[in-house]
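In: this one's sequence-less:
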C-alpha cells in the first residue's frame with residue numbers, strides 16, 4: 001500500500017540524522033520478511049533517478065542469492081551527495097511505483113547514510129536472525145573502505161561485516177578483477193568471505209543517473225535507460241523541478 005506524498009514528506013521530516021538510526025517504511029511488499037533466517041536484499045542508493053542498471057543489479061542478486069525480500073532505501077543524510085535533482089519524496093514515490101509491480105519489493109527511507117548505521121536501523125524493524133545483504137556497485141563498495149567515514153575504521157568494519165554481506169557489481173571500467181584486486185590487500189582480505197560478486201553487461205555497467213539527468217535537461221529520450229514503469233513519472237517530475245527552479249530565480 002502506497003502512502004501520500006504529504007505523508008512521505010512528514011516521515012522524512014521526522015527522521016533525525018543526528019539521533020538514533022531509524023528507518024521508515026514507504027511501501028511494503030506483499031511478500032515481506034516476517035520470519036527468522038530469511039534473506040533481505042538492501043539496495044541503498046540515491047536513485048536520482050532509478051536506472052535499468054539498478055534493476056539489473058537487483059535481478060542478478062535476487063536470482064543468484066534467492067533473496068526473500070528486496071528493500072530499496074533512500075537516506076535522508078547521504079555521506080557524499082547533496083540533495084539535487086528530484087526531491088527525496090519524489091524519488092521515493094518513483095521507487096514505490098516500481099515496487100508495486102513486484103511481490104517482494106519494499107521501499108523505505110533511513111535517517112542515516114553509513115551502512116553500519118543502516119544495519120542498526122534495520123535490526124530494529126526486521127526479525128532477529130534476518131540475513132542482511134547489501135547490493136552495491138563498485139564505487140559504493142570502495143567508499144565503504146574509506147577512512148574518512150570512520151572514527152575507528154576496522155573496528156566498525158568488523159561490526160558491519162559481522163552483521164551483513166555485500167553483493168558487489170562491476171561498474172564502468174571496474175570489472176570483477178578490479179574488485180578482487182581491491183580486496184587483495186591484507187587489511188581488506190579478511191572481509192572477503194563476506195563479499196560476493198555479480199556481473200553486469202558492459203552496457204548496464206555504464207548506465208548512470210547522471211546520463212539520464214543530462215538527457216532530461218536536453219529534452220532527449222530516456223526510455224532505454226529507465227524502467228518502463230516509471231519513465232513518464234520521472235519525465236514529469238523533472239519537468240516540475242525545472243519549472244519550479246525557473247520560477248524561484250530572481
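Out: It's in. This is a predicted model, so every value here is computed, not measured.
In: buried ones in stretch 195-214?
Out: 195, 197-198, 200, 204-205, 207-209, 212-213 (16 or more other CB atoms under 10 Å). Any C-beta I mention is one placed from the backbone N, CA and C, and that applies to glycine too.
In: Show me what the worst-scoring helix or strand of the chain on mean pLDDT is packed up against.
Out: Of all helical and strand segments in the chain, the minimum by mean pLDDT, DSSP states H and E falls on helix 231-248, at a mean of 84. Using 3 or more CB pairs under 8 Å, 6 or more residues apart in numbering; DSSP states H and E, the elements in contact with helix 231-248 are helix 88-99, helix 209-217.
In: Next SSE downstream of the longest one?
Out: Along the chain past helix 88-99, the next helix or strand (assigned with DSSP states H and E) turns out to be strand 105-110.
In: Just checking: what are the partner strands of that next one?
Out: Strand pairing for strand 105-110, using DSSP bridges, gives strand 23-27 (antiparallel), strand 69-75 (parallel).
In: What average pLDDT does that strand get?
Out: Averaging pLDDT along strand 105-110 yields 98.
In: where does the residue nearest to the spatial centre of the chain fall, phi/psi-wise?
Out: In the chain, the centroid-proximal residue (CA atoms, centre = their mean) is residue 44; its distance is 2.0 Å. Here is the backbone geometry of residue 44 (degrees, to the nearest 10): phi -110, psi 110.
In: and the nearest residue to it once chain neighbours are set aside, what are its bridge partners?
Out: Excluding its sequence neighbours, the residue lying closest to residue 44 (CB to CB, 6 or more residues apart in numbering) is residue 73, at 4.1 Å. Beta-bridge partners of residue 73, counted by DSSP bridges, are residue 44, residue 108.
In: So what's the predicted local confidence for residue 73?
Out: Note on residue 73: pLDDT of 98.
In: Just to check, it is in contact with residue 112?
Out: No: counting by CB atoms under 8 Å, residue 73 stays clear of residue 112, with 10.6 Å between them.
In: shared neighbours of these two, anything?
Out: Taking CB atoms under 8 Å, 6 or more residues apart in numbering as the criterion, residue 73 and residue 112 both touch residue 118.
In: got any ranges where this structure has weak pLDDT?
Out: By pLDDT under 70, the low-scoring segments of the chain are 1-2, 79-84, 245-250.
In: Please work out how many residues are found near the spatially closest residue to residue 201 that is not a sequence neighbour.
Out: Among residues not flanking residue 201 along the chain, residue 56 sits closest, at 7.5 Å (CB to CB, 6+ apart). Residue 56 has 19 neighbouring residues, counting by other CB atoms under 10 Å.
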